[in-house]
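K.L.:
Would you be able to build a 3D model of this:
(chains A and B)
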Number of protein chains: 2
Amino acid sequence: MSNDYVAIMAGGVGSRFWPGSREARPKQFLDMMGVGKSLLRLTFERFLPIIPKENVFIVTNEAYKTLVLEQIPEISEKQILCEPSRNNTAPCVAYAAMKIANLNPKANMVVAPSDHIILKEEAFLNHISSALNFAASKSALVTLGIEPSRPDTGYGYIQYDKKAKNGIHDVQRFAEKPNLDTAKAFLASGDYLWNAGIFIWSVKSVLEAYKTHANEIFNILTKGAKHYNTSEEQNFINKYYPTTPNISVDFAIMEKADNVYTIPANVAWSDLGTWGSLYAECEKDSQGNVLQGSKNLIALDSSNCLIRTTAGKLVVLKDLDDYMVIDEADVLLIHPKHKEQEIKKLTEIVKKDFNSLI
Amino acid sequence: MSNDYVAIMAGGVGSRFWPGSREARPKQFLDMMGVGKSLLRLTFERFLPIIPKENVFIVTNEAYKTLVLEQIPEISEKQILCEPSRNNTAPCVAYAAMKIANLNPKANMVVAPSDHIILKEEAFLNHISSALNFAASKSALVTLGIEPSRPDTGYGYIQYDKKAKNGIHDVQRFAEKPNLDTAKAFLASGDYLWNAGIFIWSVKSVLEAYKTHANEIFNILTKGAKHYNTSEEQNFINKYYPTTPNISVDFAIMEKADNVYTIPANVAWSDLGTWGSLYAECEKDSQGNVLQGSKNLIALDSSNCLIRTTAGKLVVLKDLDDYMVIDEADVLLIHPKHKEQEIKKLTEIVKKDFNSLI
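P.N.:
Next comes the predicted model:
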């Protein structure tokens, strides 16, 4: 029996990917890369070489349980954790850790988002395996640090000690999302990594950290210790989980603990946070256009566009530069790509008259 | 029994309206105005107050016979004339005139395109009735002249004598499509009308004109005189019609005859020749956008667009000015509206790889 587990976080809404992503089918359930598999499915398969499928847990929302089972028929219903409310990542991770600890007190676990992409899977798994071994050997909270490729202001950063033991470094501090000048300085120093929200620890270590640094969450969710992995689990969670404070795992434990480590990783990672970051990851034609869902595009004097449409449809563009053309069965969006940050606001406008399309 | 007939010309291809219009379903069969009726249906209904439905004939192509019967179930198959080849309007009008003459030698007939719109129907019918009476009373070839509203270079012009008898004027000459300066001079003079391709004459007069000025067509099609309106008609037409010269009715008889008259008409006419002319005829929202096929549009900083989509679909535009967005089930076209003259050329490109979508 393996002591290695993964909890895949699949409860997000993905509103910045409207109209591709909808509340009823957020981006982790969509084939965002045009490879025939959803991001969740890609994440599940990514871990299979090192973690047995019985040890994969999916944390999501009740509304998405059926979708998860459809996309990952290899797992049983017991491996799906349903949050009754969205309370950010700290309660979510604590719940998963307690449930897994109840099954196996010697468990080591990975926490992984379901909607990121990692192109260098072998390198990624090597890092994860090292981290799992390290976490099994001592009380340690490990976070994967992504080697930054640009002064991005959309991520938190990790300042780390350049001295390493077996590729594992002490974390000196976490830095919130910086402004551009600070981000440039971080990048130039070589001392900073992006915080990707991928964690590795033993359930013992992480629960100790909660007990010390996030006592309220720990106390609320420990009350249910005897219900985890029984028929009473969901009832307990439905009643008490919503009373936990809304706080991120970074803020609740990582920024406070002194046993935090990182592994700098160069694994071609993207959090696919926006249409623009999706565009950046996709293969482009000679005019810089990306077409998903169809192979049929005629682009006349049109460049740098991201086009998503339904199978086989022919898209003909003339004089269009740097636009997104998102053609769904019930919505057609034509929007400047560089204004993608306005999509979230746009969905508020759509919501007023067309709530069912959100 | 009425002696008044109409031959509606419905054989055109409408390639400038791609991808709305397809070879298998050209524009006359489409609801181009978003009123729930095709242009052909609107044309048929327009004549019903003055011409009985038994006297309406539709000239089309074998490929469209089923479409015609679907859209005009009131007529019988015998009222549909199928051209086996596209030989321009002169052979087509001669065939219709001979077939109608065979049924009723005293017939007067209107020749009308199936893909134009006329908003002032009552005024139009008054002009047509006058013209039918005039054509019944003497040997006359009457063409409806549209009072020009702009120096359009896309139409032929009719120079006419300002002196009239009962609103009917002598035609002095026909002028080919002019250049812009000439068109401006025509407009300024007040002596010119647009030639809309709407004709009124007795079958006797028009066949005399063919005999005199277009003898080759007359001779070929007269050979079948005894077959018209029999089971042999289509066989005869299939064999001989393709041998007629490809020539327009204007060139074959109107420009040569000396008994040509016109009625200046102000009837809110458009030949809907391009997407732009369709846009011009449609009701716009406060930002100058036209939406067809759906009522659901969110246009942010977007104006002067022509949007056609499928029922109920929500279209969301941002930063798009003066574009056509034509969203069909199998094709999505996004194209600057003022470059609509390039659509025909574009279909040649599409044809190479996507012939089935033309």
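
K.L.:
Point me to the residue of the stretch 1-150 of chain A nearest chain B.
P.N.:
In the stretch 1-150 of chain A, the residue found nearest to chain B is A:Pro19; the distance is 7.6 Å by C-beta to the nearest C-beta. The C-beta positions use only the backbone N, C-alpha and C, and glycine is treated the same way.

K.L.:
Which residue, other than its chain neighbours, is closest to that residue?
P.N.:
A:Val331 (4.0 Å; C-beta to C-beta, 6 or more residues apart in numbering or on different chains).

K.L.:
got the contact list for the one you found?
P.N.:
Under the criterion of C-beta atoms under 8 Å, 6 or more residues apart in numbering or on different chains, the neighbours of A:Val331 are A:Pro19, A:Leu357, B:Lys313, B:Leu314, B:Val315, B:Val316.

K.L.:
Just grab the bridge partners of it for me.
P.N.:
With DSSP bridges as the criterion, A:Val331 is bridged to B:Leu314.

K.L.:
I'd like the distance between it and B:Gly145.
P.N.:
Relative to B:Gly145, A:Val331 is positioned 47 Å away (criterion: C-beta to C-beta, to the nearest Å).

K.L.:
How about A:Thr274?
P.N.:
From A:Thr274 across to B:Gly145, the span is 59 Å (C-beta to C-beta).

K.L.:
looking at chain A, which helix or strand is least sure?
P.N.:
When the helices and strands of chain A are scored by mean pLDDT, DSSP states H and E, helix A:275-281 comes last with a mean of 89.

K.L.:
Please work out which residues outside the helix or strand that comes right after that one touch it.
P.N.:
Elements were assigned by DSSP states H and E; along the chain past helix A:275-281, the next helix or strand is strand A:290-292. In this structure, residues lying in contact with strand A:290-292 by C-beta under 8 Å, 6+ apart are A:34, A:279, A:282-285, A:297, A:305-309, A:315.

K.L.:
Please apply the same query to stretch A:59-70.
P.N.:
Stretch A:59-70 is contacted from outside by A:7-11, A:24-26, A:29, A:40, A:58, A:75, A:77, A:80-84, A:86, A:92, A:95-96, using C-beta under 8 Å, 6+ apart.

K.L.:
Assign a three-state SS to A:Val316, would you?
P.N.:
strand (DSSP: H, G, I helix; E, B strand; the rest coil).

K.L.:
which element is the residue lying closest to A:Ala329 once chain neighbours are set aside on?
P.N.:
Distances taken as C-beta to C-beta, 6+ apart place A:Thr310 nearest to A:Ala329, at 6.6 Å, with adjacent residues excluded. Taking DSSP H and E as the definition, one finds A:Thr310 inside no helix or strand.

K.L.:
you'd agree A:Thr310 is up against A:Asp327?
P.N.:
Yes: A contact is recorded between A:Thr310 and A:Asp327 when judged using C-beta atoms under 8 Å, the distance being 6.8 Å.

K.L.:
which of these two has more neighbours?
P.N.:
Under the criterion of other C-beta atoms under 10 Å in any protein chain shown, the comparison of A:Thr310 against A:Asp327 puts A:Asp327 first, with 24 against 13.

K.L.:
Next one: that one relative to chain B, how far apart?
P.N.:
Distance check for A:Asp327 against chain B: by C-beta to the nearest C-beta, to the nearest Å, it reads 6 Å.

K.L.:
Go ahead and confirm that residue touches A:Thr309.
P.N.:
Yes: counting by C-beta under 8 Å, A:Asp327 does reach A:Thr309; the two are 4.0 Å apart.

K.L.:
Can you check which residues contact both of these two?
P.N.:
Common neighbours of A:Asp327 and A:Thr309 (criterion: C-beta under 8 Å, 6+ apart): A:Val315, B:Leu332.

K.L.:
Share the number of residues neighbouring the closest residue to A:Lys37 other than its chain neighbours, please.
P.N.:
If the residues on either side of it in the chain are set aside, A:Lys37 comes closest to A:Asp31, at 6.1 Å by C-beta to C-beta, 6+ apart. A count of nearby residues for A:Asp31, using other C-beta under 10 Å, gives 15.

K.L.:
what about the residue nearest to A:Asp250 when sequence neighbours are not counted, which SS state?
P.N.:
Of all residues beyond its chain neighbours, the one nearest A:Asp250 is A:Phe174 (6.2 Å), with distances taken as C-beta to C-beta, 6+ apart. Under three-state DSSP, the three-state class of A:Phe174 is strand.
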